[in-house]
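K.L.:
Quick one: sequence plus predicted model below, questions after.
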Amino acid sequence: LDDLLTSGVSGRRVLVRADLNVPLDEQNRITDDGRVRASVPTIKRLAGAGARVVVAAHLGRPQGEPDTKFSLAPVARRLGELLGAEVALAGDVAGEQARATVNDLPDGGVALLENVRFDARETSKDETERAELAGELAALAEGGAFVSDGFGVVHRKQASVYDVAKLLPHYAGGLVLAELDVLRTLTGNPERPYVVVLGGSKVSDKLAVIEALLPSVDTLLIGGGMMFTFLAAQGHSVGASLLEQDFVATARRLLDEHPDKIVVPVDVVVADKFAADASTDTVSVGAIPEGWMGLDIGPRTTEAFAAKVAAAKTVFWNGPAGVFELAPFAEGTRGVAQAIADGAAFSVVGGGDSAAAVRTLGLPEEKFSHISTGGGASLEFLEGKELPGVTVLEEGA
Ligand code: 3PG
C-alpha cells in the first residue's frame, strides 16, 4: 500500500478487496462491526490521497444470485459513518449499475460493489468462469490498481481475491500486512510458555490445526463443543452433547501422544435443551446426565484454563469455550477471555466467533495484543497451508 501511495493515486481508480463479512441480526442490523472498522484505515488512506476507491466484498454465503438478505446495504451505511463520507452502494457486482456508480465517483470518493457472491462466478471452481468475473471487476479499476486488504478471505481462491490480482498492478493492504506479521510471530519463535486455547463447535474443523500446533505449543486447552469428542476419547459418556464419533479415535491418539500438552475440561455446564431458558446444572465430566447436553466449560475448568493463560508469555485463542451467545453458557468464554485480557502475554485472538465474543461480551479490546479479522484464514496460516490470496500478491508483483 505504501508503494502504491508513493506512486501517486490521485484521480486513479483503486479496487480494494475487503472482508466486510459481518454478523447481522434478524432486522439486518450489524451485531459486530469489527471487520468494517478494520477495513477503514486502508480505504481512508487511499481516498485521502485522492483515489477513486471501489470496494469489493462478500457477505455470508448466498447461492450465487442476488438475495436481499445478503445485501451489503447495512455495511455501506456503517462504512460511510466510519469514514465520515457517503459510500455509494452499486446495485450489482460488476454490471451496468456498478459501472455507472464507479463512473460517478469523484476523486477521493468511495463506492461499494454489491455482494460479490451474488455472482456465481466469484466462487466457481472453474477458472475460466472466475477469470471472466475478474475481468469485469478489473475493468472497473482500469488504469488503476488492486489492493488486497481482506485478510479474512485470503484463504479463498475466488475471483475478487485471487484472479483479479493477476489482471491489475496489485498491492497488499495495511490490514493484510499487519495480520501476516502477527501470525508469523506465532509460527516463528513465540515467547514461552506458548498456550493455545481452542474451542468452537466442530473438532473436524480444528484437527489439522491441532496437529500442526502441537509440536510448537507448550499447552493446548480444549473447550467448546469440540471438547466432547475429547471427553468421549477419555471414556466419558457425553449425554446429548455435540459429538463427532468419527474423530474420537484421532482425539484418543492425540491425547496419548501429548498427555503433557493437551488439557481437557474437568467440569461442564449442562442443559436439558439448547435454549437460554433451559434447566442447567454444573457437573464433573464423568457425570453428564443421559439426555442432557454440555454447553459450556464449568467453573473449575475455567479457573484451571485461566491459570495456564495467566502464566503464558504467548497466547493464541480461537473458538469460544461455550455457547456464549446464550447468557447461561457465556461464563467459560468470558472467564478465559478475561484471563487473556488481564495477563501480560502477547495475545492473539483468532478471528471469527472469538473476536465477536470479545466485543459482544464487552471485554476490553485494547487489552488483547491483536484481534484478527480472519477466522479460517488465520487457522489455515497456522496449519502451514498456502493462502492463495497472499501467494498471488507475491507472484509477479
Ligand atoms: C470468514 O467469515 O471467515 C470470511 O469472511 C470468509 O468467509 P467464508 O468462510 O464464507 O469464505
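P.N.:
That came through, no problem.
K.L.:
mind checking how far residue 337 is from the ligand?
P.N.:
Per C-beta to the nearest ligand atom, to the nearest Å, residue 337 is found 19 Å from the ligand. To be clear about C-beta, it is placed using only N, CA and C from the backbone, and glycine gets the same treatment.
K.L.:
The host helix or strand of that residue packs against which elements?
P.N.:
Per DSSP states H and E: residue 337 is located in helix 331-342. Applying 3 or more C-beta pairs under 8 Å, 6 or more residues apart in numbering; DSSP states H and E, one finds that helix 331-342 makes contact with strand 293-297, helix 299-310, strand 314-318, strand 346-349, helix 352-360.
K.L.:
helices and strands around the lowest-mean-pLDDT helix or strand in the chain, which ones?
P.N.:
Within the chain, no helix or strand scores below helix 352-360, which has a mean of 88 by mean pLDDT, DSSP states H and E. Applying 3+ C-beta pairs under 8 Å, 6+ apart, one finds that helix 352-360 makes contact with helix 34-48, strand 314-318, helix 331-342.
K.L.:
and the ones you listed, which is most packed in?
P.N.:
When the helices and strands packed on helix 352-360 are scored by mean count of other C-beta atoms under 10 Å, the highest mean neighbour count falls to strand 314-318 (a mean of 27).
K.L.:
what lines up beside it in the sheet?
P.N.:
Strand 314-318 pairs in its sheet with strand 194-198 (parallel), strand 346-349 (parallel), by DSSP bridges.
K.L.:
got the CA coordinates for that strand in CSV?
P.N.:
This file holds the C-alpha atoms of strand 314-318, laid out as CSV (Å, rounded to 0.1, in the frame of the first residue of the first chain):
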residue,chain,number,x,y,z
THR,A,314,2.2,-16.0,24.2
VAL,A,315,-1.4,-16.9,23.8
PHE,A,316,-3.4,-17.8,20.7
TRP,A,317,-7.2,-18.2,21.2
ASN,A,318,-9.6,-19.5,18.6
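K.L.:
ok, residues contacting that strand?
P.N.:
Here strand 314-318 makes contact (C-beta atoms under 8 Å, 6 or more residues apart in numbering) with 185-186, 190-200, 206, 209, 309, 336-337, 340, 343, 345-352, 354, 375, 378-379, 382.
K.L.:
Quick one: buried ones out of the residues you listed?
P.N.:
Among those, those classed as buried by neighbour count (16 or more other C-beta atoms under 10 Å) are 185-186, 190, 193-200, 206, 209, 309, 336-337, 340, 343, 345-352, 354, 375, 378-379, 382.
K.L.:
so who does residue 393 touch?
P.N.:
Counting by C-beta under 8 Å, 6+ apart, residue 393 has contacts 148, 165, 170-172, 176.
K.L.:
State the pLDDT value of it.
P.N.:
Looking at residue 393, its pLDDT stands at 96.
K.L.:
Surely it forms part of a helix?
P.N.:
Yes: per DSSP: H, G, I helix; E, B strand; the rest coil, residue 393 lies within a helix segment.
K.L.:
what's the spacing between it and residue 146?
P.N.:
9 Å (C-beta to C-beta, to the nearest Å).
K.L.:
Give me the common contacts of these two.
P.N.:
In contact with both residue 393 and residue 146: 165, 170-171, using C-beta under 8 Å, 6+ apart.
K.L.:
of those, closest to residue 6?
P.N.:
Within the shared contacts of residue 393 and residue 146, proximity to residue 6 (C-beta to C-beta) peaks at residue 171, which comes in at 10.7 Å.
K.L.:
What count of nearby residues applies to the closest one?
P.N.:
24 (other C-beta atoms under 10 Å).
K.L.:
re earlier: columns mean pLDDT on top of the strands paired with strand 314-318, output as JSON lines?
P.N.:
Listed next are the strands paired with strand 314-318 as JSON lines, based on pLDDT from 0 to 100:
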{"stretch": "strand 194-198", "mean pLDDT": "97"}
{"stretch": "strand 346-349", "mean pLDDT": "97"}
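K.L.:
Name the residue of the stretch 51-200 of the chain that lies nearest to the ligand.
P.N.:
Here the residue of the stretch 51-200 of the chain nearest the ligand is residue 152; by C-beta to the nearest ligand atom that distance is 4.0 Å.
K.L.:
typo on my end, the chain
P.N.:
The minimum distance from the chain to the ligand, using C-beta to the nearest ligand atom, falls at residue 21 (3.4 Å).
K.L.:
any idea of the pLDDT on that residue?
P.N.:
The score at residue 21 is 96. That number is its pLDDT.
K.L.:
same question, residue 397
P.N.:
Listed pLDDT for residue 397 reads 53.
K.L.:
what do you get for residue 72?
P.N.:
In this model, residue 72 carries a pLDDT of 98.
K.L.:
same deal with residue 115?
P.N.:
On the pLDDT scale, residue 115 is placed at 98.
K.L.:
Please apply the same query to residue 204.
P.N.:
For residue 204, the pLDDT comes out at 89.
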